[in-house]
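S.K.: Would you be able to build a 3D model of this:
(one chain, ligands or ions: 1)
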Amino acid sequence: MIRLTVLGACGTYPSAGRACSGYLLEADDGGQTARVWVDTGSGTLANLLRFAELPGLDAIWVSHLHVDHLSDLPVANYALRYGFDPQPARVPVLGPSGWAEHVRDFMATGDVDPVEAAFEIHELHDGERIQFGPLRLEAIATVHSIETYAVRATAAGATVAYSADSGPCDSLGRLAEDADLFVCEAAWATWPADTEPIHMTPSLAGQWAAEARARRLLLTHLRPGADPDAALHRASDTFGGPVDIAVELAVHEVGGRIGR
Ligand SMILES: [Zn+2]
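M.R.: This is a model prediction of the structure:
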């Protein structure tokens with residue numbers, strides 16, 4: 001059983017009162033539980049704290065280093081270092097190569113290593129599998145403008161697949177294969193001419209979801225100003241199954257209900 005709570009769903013920058021990319025993944029196999037914060041875009045920490053405490057997280061997953069997926073990570077670092085007495089155990093952060101140096105450079109203000117002070121550093125690689133209690137996470141490298149890892153989360157026979165940012169590529173098919181819920185970005189309303197294929201459109205998301213035999217599709221990372229109804233229709237046309245648009249605080253459960 002896996003629950004995905006949308007903490008933020010805007011691509012590139014937030015529209016009024018909303019947040020950039022972020023999700024809370026929770027898993028429960030009837031005994032153990034696991035909680036992972038996936039992508040730390042602006043505004044997602046405030047929404048995360050409605051549902052979870054930072055020290056209670058098993059891990060934080062950073063798909064890539066673009067600011068709309070990252071900018072609340074330094075704020076979470078401050079919360080862990082200055083928000084508790086005594087300071088809680090370090091939280092594992094799983095991200096692309098060089099993430100710690102990137103955040104360290106941004107935060108550097110003194111002698112203390114700000115990253116090591118609050119986080120355990122883990123660099124992901126394609127195909128890596130990591131277990132947190134009942135939750136298994138698989139890192140799948142996508143095609144984007146920088147090193148990026150989608151995540152395939154499995155617990156007690158249920159699967160949630162999150163594309164992170166990605167253009168159309170074979171790895172998206174592997175990611176979403178037979179997933180109960182495929183959370184796919186659709187940053188582009190339509191396919192742009194003469195542009196590197198580093199994002200998806202609603203039509204392509206639906207096509208990939210259908211080919212991978214995903215059961216449900218959740219479109220996310222729509223840019224402010226995008227027409228969600230048009231996106232829904234385009235994705236429904238190519239998918240043929242149920243489609244939703246990700247909105248903050250929406251909860252999506254697969255494999256049966258779990259208590260909160
Ligand atoms: Zn990006």
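
S.K.: Next, count neighbours for the residue of the stretch 1-150 of the chain found nearest the ion.
M.R.: Proximity to the ion, evaluated over the stretch 1-150 of the chain using CB to the ion, is greatest for residue 66 at 3.5 Å. (C-beta placed from N, C-alpha, C; glycine too.) Residue 66 has 20 neighbouring residues, counting by other CB atoms under 10 Å.

S.K.: Residue 144 looks like it's in a helix, true?
M.R.: No. Under the criterion used here (DSSP: H, G, I helix; E, B strand; the rest coil), residue 144 is coil, not part of a helix.

S.K.: re earlier: per-residue pLDDT, the residue of the stretch 1-150 of the chain closest to the ion?
M.R.: On the pLDDT scale, residue 66 is placed at 97.

S.K.: Likewise for the one 10 residues further on?
M.R.: Residue 76 is assigned a predicted lDDT (pLDDT) of 98.

S.K.: Now for it: which residues touch it?
M.R.: Residues near residue 76 by CB atoms under 8 Å, 6 or more residues apart in numbering: 40, 45, 54, 60, 91, 118.

S.K.: List the beta-bridge partners for the residue minimising distance to the centre of the chain.
M.R.: For the chain, residue 38 is the residue whose C-alpha lies nearest the centre (CA atoms, centre = their mean; 3.9 Å). Residues in a beta bridge with residue 38, per DSSP bridges, are residue 23, residue 61.

S.K.: surely it meets residue 25?
M.R.: Yes. With contact defined as CB atoms under 8 Å, residue 38 counts as touching residue 25 (5.6 Å).

S.K.: May I have the distance across stretch 49-59, first residue to last?
M.R.: 15 Å (CA to CA, to the nearest Å).

S.K.: Inside strands: which ones of the contacts of residue 76?
M.R.: 60, 91 (DSSP state E).

S.K.: Now flag whichever of the contacts of residue 76 is closest to residue 236.
M.R.: residue 40 (30.4 Å; CB to CB).

S.K.: so what pLDDT did the closest one get?
M.R.: Looking at residue 40, the pLDDT reads 98.

S.K.: Wait, it touches residue 59, no?
M.R.: No. At 11.7 Å, residue 40 and residue 59 do not qualify as touching, with contact defined as CB under 8 Å.
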